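**Q** I'll drop the sequence and a predicted model, then ask my questions.
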Amino acid sequence: MRTQIITTIYNSKELKDVISKMNPSHLRDELLSEVMLVVCQLDEERLIRMHEEGYLKYYVIRTILNMVRSNDSQFHNKFRMVYDELKGIDFKDTEDASLFEEQLKKAEEFHNSLPFYEN
(Lines give C-alpha, C1' and ligand atoms only; values in the text may rest on other atoms or scores of the structure.)
Protein backbone atom coordinates (compact mmCIF):
# COMPACT_ATOMS: atom_id res chain seq x y z
CA MET A 1 0.00 0.00 0.00
CA ARG A 2 2.83 2.40 0.93
CA THR A 3 4.60 1.94 -2.40
CA GLN A 4 1.35 2.46 -4.32
CA ILE A 5 0.63 5.71 -2.48
CA ILE A 6 4.13 7.06 -3.08
CA THR A 7 4.03 6.05 -6.75
CA THR A 8 0.61 7.67 -7.19
CA ILE A 9 1.85 10.93 -5.67
CA TYR A 10 5.02 10.94 -7.76
CA ASN A 11 3.12 10.33 -11.00
CA SER A 12 0.25 12.72 -10.23
CA LYS A 13 -0.48 15.56 -12.62
CA GLU A 14 -1.23 17.83 -9.66
CA LEU A 15 2.28 17.41 -8.27
CA LYS A 16 3.84 18.08 -11.68
CA ASP A 17 1.65 21.19 -12.05
CA VAL A 18 2.66 22.56 -8.65
CA ILE A 19 6.37 21.89 -9.23
CA SER A 20 6.21 23.50 -12.69
CA LYS A 21 5.12 26.80 -11.10
CA MET A 22 8.00 27.00 -8.64
CA ASN A 23 11.02 29.22 -9.14
CA PRO A 24 13.89 29.17 -9.79
CA SER A 25 12.98 26.82 -12.60
CA HIS A 26 16.36 25.10 -12.75
CA LEU A 27 15.80 23.73 -9.22
CA ARG A 28 12.48 22.04 -9.98
CA ASP A 29 13.96 18.55 -10.32
CA GLU A 30 15.75 18.96 -7.00
CA LEU A 31 12.55 20.24 -5.41
CA LEU A 32 10.64 17.21 -6.64
CA SER A 33 13.35 14.90 -5.31
CA GLU A 34 13.41 16.62 -1.92
CA VAL A 35 9.64 16.58 -1.45
CA MET A 36 9.47 12.92 -2.43
CA LEU A 37 12.23 12.20 0.07
CA VAL A 38 10.06 13.79 2.77
CA VAL A 39 7.08 11.67 1.68
CA CYS A 40 9.18 8.49 1.65
CA GLN A 41 10.42 9.22 5.16
CA LEU A 42 6.91 9.52 6.59
CA ASP A 43 5.90 6.82 9.02
CA GLU A 44 3.90 4.21 7.11
CA GLU A 45 0.88 4.45 9.40
CA ARG A 46 0.82 8.23 9.12
CA LEU A 47 1.24 8.13 5.33
CA ILE A 48 -1.66 5.70 4.93
CA ARG A 49 -3.88 7.68 7.33
CA MET A 50 -3.16 10.96 5.49
CA HIS A 51 -3.95 9.28 2.18
CA GLU A 52 -7.17 7.66 3.41
CA GLU A 53 -8.38 10.89 5.03
CA GLY A 54 -7.65 12.79 1.81
CA TYR A 55 -5.19 15.40 2.97
CA LEU A 56 -1.88 13.90 1.82
CA LYS A 57 -1.78 15.99 -1.36
CA TYR A 58 -2.31 19.16 0.70
CA TYR A 59 0.52 18.09 3.00
CA VAL A 60 2.78 17.63 -0.03
CA ILE A 61 1.83 21.03 -1.49
CA ARG A 62 2.42 22.75 1.86
CA THR A 63 5.79 21.00 2.14
CA ILE A 64 6.75 22.27 -1.32
CA LEU A 65 5.74 25.83 -0.44
CA ASN A 66 7.68 25.67 2.82
CA MET A 67 10.78 24.41 1.00
CA VAL A 68 10.58 27.15 -1.61
CA ARG A 69 9.72 30.06 0.67
CA SER A 70 11.69 29.28 3.82
CA ASN A 71 15.20 30.63 4.20
CA ASP A 72 16.14 27.99 6.76
CA SER A 73 14.79 24.81 5.15
CA GLN A 74 17.09 21.98 4.13
CA PHE A 75 16.13 22.68 0.52
CA HIS A 76 17.27 26.29 0.90
CA ASN A 77 20.55 25.26 2.50
CA LYS A 78 21.28 22.56 -0.08
CA PHE A 79 20.19 24.28 -3.28
CA ARG A 80 18.79 27.81 -3.11
CA MET A 81 21.49 29.45 -0.99
CA VAL A 82 24.16 28.95 -3.65
CA TYR A 83 21.84 30.28 -6.35
CA ASP A 84 20.87 33.32 -4.26
CA GLU A 85 24.51 34.22 -3.59
CA LEU A 86 25.23 34.49 -7.31
CA LYS A 87 22.27 36.77 -8.15
CA GLY A 88 22.86 40.42 -8.95
CA ILE A 89 26.50 40.23 -9.93
CA ASP A 90 27.52 42.57 -12.76
CA PHE A 91 30.16 40.65 -14.69
CA LYS A 92 31.43 43.81 -16.47
CA ASP A 93 32.56 45.36 -13.20
CA THR A 94 35.99 44.05 -12.18
CA GLU A 95 35.08 44.13 -8.50
CA ASP A 96 31.97 42.11 -9.23
CA ALA A 97 34.01 39.81 -11.46
CA SER A 98 36.36 38.96 -8.60
CA LEU A 99 33.32 38.50 -6.34
CA PHE A 100 31.88 36.20 -8.97
CA GLU A 101 35.07 34.14 -9.04
CA GLU A 102 34.96 33.85 -5.27
CA GLN A 103 31.28 32.86 -5.29
CA LEU A 104 31.85 30.43 -8.15
CA LYS A 105 34.61 28.75 -6.16
CA LYS A 106 32.21 28.43 -3.20
CA ALA A 107 29.54 27.01 -5.47
CA GLU A 108 31.95 24.48 -6.95
CA GLU A 109 33.11 23.42 -3.49
CA PHE A 110 29.49 23.03 -2.42
CA HIS A 111 28.66 21.09 -5.58
CA ASN A 112 31.61 18.78 -5.03
CA SER A 113 30.43 18.07 -1.48
CA LEU A 114 27.04 16.79 -2.71
CA PRO A 115 26.58 13.06 -3.09
CA PHE A 116 26.65 11.84 -6.67
CA TYR A 117 24.09 9.32 -7.89
CA GLU A 118 24.29 7.65 -11.24
CA ASN A 119 21.22 6.04 -12.80
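**A** Received it, and whenever you're ready, just let me know what you need.

**Q** looking at this structure, which helix or strand is least sure?
**A** Least confident helix or strand, the chain: helix 81-86 with a mean of 55, by mean pLDDT, DSSP states H and E.

**Q** Can you mark which positions in the helix or strand that comes right after it are buried?
**A** Note on helix 81-86: by DSSP states H and E, the next helix or strand toward the C-terminus is helix 94-113. For helix 94-113, a neighbour-count test (16 or more other Cβ atoms under 10 Å) marks 99-100, 103, 107 as buried. No exception for glycine: its C-beta is placed from N, CA and C like everyone else's.

**Q** Phi first, then psi, for the residue positioned nearest the centre of the chain.
**A** When Cα atoms, centre = their mean is applied to the chain, the residue found nearest the centroid is residue 31 (2.4 Å). Taking degrees, to the nearest 10, you get phi -60, psi -50 for the backbone angles of residue 31.

**Q** And it, how close does it get to residue 102?
**A** 27 Å (Cβ to Cβ, to the nearest Å).

**Q** Over to residue 32?
**A** For residue 32, the distance to residue 102 (Cβ to Cβ) stands at 31 Å.
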